[in-house]
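Asks: please work out how this folds:
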Amino acid sequence: MQDLTTDDTAILSAGVKGPLEFDSHAPTIILEVGERTLSEWQGLAGLNAEDAPLMDGTFNDSIMGYYGRILLHHIATASERAFALDDLSLQAIMLGIGTRLMAQISQTGTSAPRPARVNTNRIAEAKVYIDQNLSDRDLCVESISSAIGLSAPRFTDLFKEHEGETPYAYVLRQRTKRAHLLICETARPFAIIAFECGFSSAAHLSTVVKRQFGASPKAIRNR
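Replies: Got it, this is the predicted structure:
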C-alpha cells in the first residue's frame, strides 16, 4: 500500500486501459469515474459537460486526500473483518471527493488541473540531461528515459507530442548545432570536436555537418 500521508488523488475515466505514469510517486488512491457519476458531480456543482469535462490526472488537495484515506480505511477494515462494505458510506465518501473536485473546477474556471500524462517538466529534465551528456556516444532513448523516470515508449510519445520530433532527431540536431559552434569559434581538431559532441569519428562529424549545413567542417571554418 502506498504512503497514506500524501494528498494525491488520481481521477481516471472509466474503462481506461494500459500502464499508468505519474509525476513522482504513485497517488494515495486511484478512482475510476464513469459518465453517470461525473454527471452527478457536475450537477451538484452547477456545471455542465462543456464547463468541466473529465480529464485523467492526479490532483494534490488535502480534502480530497482526506476522503481518499477514509475510503482506503473502510476497504481495509472490511477486508480484515470479512464483512461487506457499507454502500451508503462509500457513496458519501465518493460524493465528498466529487463535490470537492467540481468546486475547484468552478472556482478556477478551468476544466481540471494539468493531467499527469502531460508533463512539461519531464521534457525540460530530458533536455538538460541531453545537453549534459551530448559527448556520450551511448546516449539513447533508453538512457534518457531512465534518467527522468519514464519508460522509453512513454518518453518517446511525450517528447514527440511536445517537441514535434523524436528524441533521436533532437539529440542529433543538438550535437550538430554544438559541433557547428565549435568549428566556427575554436581551432580544435575536428576529431576532438567529434568526440566532444558524441560523433563516432571526424568522418561521421563531416557527413552530418555537410548534410545539415551544406558544407564540410573545413569549408565552414575557412569562411
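Asks: elements contacting the helix or strand Arg175 falls within?
Replies: For Arg175, the host element (DSSP states H and E) is helix 167-185. When contacts are defined as 3 or more Cβ pairs under 8 Å, 6 or more residues apart in numbering; DSSP states H and E, helix 167-185 packs onto helix 120-132, helix 141-148, helix 152-163, helix 190-196, helix 202-213, helix 217-221. The way it works is simple: take the backbone N, C-alpha and C, and place the C-beta from them, glycine included.
Asks: let me have those helices in CSV, extended by mean pLDDT.
Replies: Output for the helices and strands packed on helix 167-185, formatted as CSV (pLDDT from 0 to 100):
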stretch, mean pLDDT
helix 120-132, 87
helix 141-148, 92
helix 152-163, 90
helix 190-196, 95
helix 202-213, 94
helix 217-221, 95
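Asks: out of these, nearest to Gly96?
Replies: helix 120-132 (30.1 Å; Cβ to Cβ).
Asks: what is the orientation angle of that closest one with helix 167-185?
Replies: 40 degrees (axes from the mean of the first three to the mean of the last three Cα atoms, to 10 degrees).
Asks: export helix 120-132 to CSV, keeping only CA atoms.
Replies: Coordinates of each C-alpha in helix 120-132 appear next as CSV, following Å, rounded to 0.1, in the frame of the first residue of the first chain:
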residue,chain,number,x,y,z
THR,A,120,6.4,19.6,-19.5
ASN,A,121,8.8,19.4,-16.5
ARG,A,122,9.8,15.9,-17.7
ILE,A,123,10.7,17.3,-21.1
ALA,A,124,12.7,20.1,-19.6
GLU,A,125,14.6,17.5,-17.4
ALA,A,126,15.3,15.4,-20.5
LYS,A,127,16.7,18.4,-22.4
VAL,A,128,19.0,19.2,-19.5
TYR,A,129,20.2,15.6,-19.4
ILE,A,130,20.8,15.5,-23.1
ASP,A,131,22.7,18.8,-23.0
GLN,A,132,24.9,17.5,-20.2
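Asks: Ile70 and Glu165, how far apart?
Replies: 46 Å (Cβ to Cβ, to the nearest Å).
Asks: the two - which one has more neighbours?
Replies: Ile70 (17 against 13; other Cβ atoms under 10 Å).
Asks: which residue sits closest to Ile123, ignoring its sequence neighbours?
Replies: Distances taken as Cβ to Cβ, 6 or more residues apart in numbering place His162 nearest to Ile123, at 4.9 Å, with adjacent residues excluded.
Asks: burial check on the one you found, number of neighbours?
Replies: His162, neighbours per other Cβ under 10 Å, totals 15.
Asks: before we move on, what about Gly96?
Replies: Counted with other Cβ under 10 Å, Gly96 comes out at 17.
Asks: separation between it and Leu72?
Replies: When Gly96 is compared with Leu72 (using Cβ to Cβ), they lie 14 Å apart.
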